[in-house]
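Trainee: Coordinates for the following, if possible.
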Amino acid sequence: MSELEQVAAALGSPVVGTRVLAGGFSHETSLLTLASGPVVVRIGDTDHAIEAAVMAAARRHVPVPEVIDVLSVGSRSAMVLEYVVGTPLSEVLDDAGTDLGPLGVEVGRVAAAIGATTFDRPGFFADADLDVKPQIPWSQQLPEFAAGCMDAVPAARLDPATRTAWAALCAGHAPALAAVDDDARLVHADLNPKNILVTRVRGGWRVDAVLDWEFSFSGCPYADAANMTRFGADYPSEFVAGFQSAFADEPAEWLYLGRVMDMFALSDLVTRPAGNPVADRAAREIRRWVAESRR
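Mentor: Okay, here's the model as predicted:
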């Protein structure tokens, strides 16, 4: 019996059809059509209980699919989610249609609302009760984290001089994070156009769901804004401007501090195996940062 058939048996409904939706770094996502209706199933090697708890907490402030069940399928964990109708934001931006400024504003508003969920301290979640593990401040973590990642980058992705320069750049900017070291708000940590479903509605746009919460942590929401605009040069400028305007109520330095927070993600992304397209895009961004620093 396949993993999806095990899920269907646990839900007590026959399988009508299956379709692969997407794949993350640590999971596979499929649309499972049952006699009782469609559901989304995420299967991975890590326990989904923490992610399910995060989604339940976030759902009080932002549109998030309902978690139907978390169960074991063989040696792996499966999370069954409500199927939400909507178009991936990535597809909308690729079409470069009209009205993308208001779309950016709506996405920015929802992104900012993620941080309305708060915790006692910053750090990563220890369990499904969303207890947060103690940690050293981000400003102190970044230099060592970046240096360690540069040691693990595939040789063909970044040359040694760029790796050294990036580690030094991270160490140089890290002290700025002292301003947000104590922030303890929910961070999605993978907020990008592939993880947002949207629909054009009368008078504008609606965000239908924010997906894939597996990397979430307690910290500074500026990281989510930086994540969304990391490859902003590839998006229509009016969308980016609209998105950034939705963060206008935040301190003016959020753009800079978000970029410094994003150094964690960029450093980690480029360690992925050779041939990973997102890792290659991250490498181009790192080279751009390094080139700008030398001007």
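
Trainee: mind showing which ranges of the protein have poor pLDDT?
Mentor: Within the chain, the stretches with pLDDT under 70 are 1, 22-26, 248-252.

Trainee: Nearest the middle, which residue of it would you pick?
Mentor: Centroid-nearest residue in the chain, with C-alpha atoms, centre = their mean: residue 190, separated by 0.8 Å.

Trainee: For the stretch 51-200 of the chain, which segments count as strands?
Mentor: Taking DSSP state E, counting those that start in this stretch, the strands of the stretch 51-200 of the chain run over residues 67-73, 76-82, 87-88, 185-187, 196-201.

Trainee: what's the closest of those to residue 292?
Mentor: The closest of those to residue 292 is strand 185-187. By C-beta to C-beta, the value is 25.3 Å. To be clear about C-beta, it is placed using only N, CA and C from the backbone, and glycine gets the same treatment.

Trainee: Got the domain ranges for the protein?
Mentor: Following the assignment in automatic domain parsing, the chain carries domains at 3-82, 87-293.

Trainee: Relative to the whole chain's centre, how far out is the shortest one?
Mentor: The gap between where domain 3-82 is centred and where its chain is centred comes out at 18 Å by C-alpha atoms, centre = their mean, to the nearest Å.

Trainee: Would you map the helices across the chain?
Mentor: Using DSSP state H, the helices of the chain run over residues 3-11, 49-58, 89-95, 100-114, 138-152, 160-173, 222-229, 237-245, 254-269, 277-293.

Trainee: Which strands and helices lie in contact with the fourth one?
Mentor: Taking 3 or more C-beta pairs under 8 Å, 6 or more residues apart in numbering; DSSP states H and E as contact, the helices and strands that helix 100-114 lies on are helix 89-95, strand 185-187, strand 196-201, strand 204-210, helix 222-229, helix 237-245.

Trainee: I'd like the ones you listed as a markdown table, with distance to residue 114 appended.
Mentor: As requested, the helices and strands packed on helix 100-114 are exported to a markdown table (distance: least, C-beta to C-beta, whole Å):
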| stretch | distance to residue 114 |
| --- | --- |
| helix 89-95 | 15 |
| strand 185-187 | 5 |
| strand 196-201 | 11 |
| strand 204-210 | 7 |
| helix 222-229 | 6 |
| helix 237-245 | 13 |
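
Trainee: Much appreciated, bye for now.
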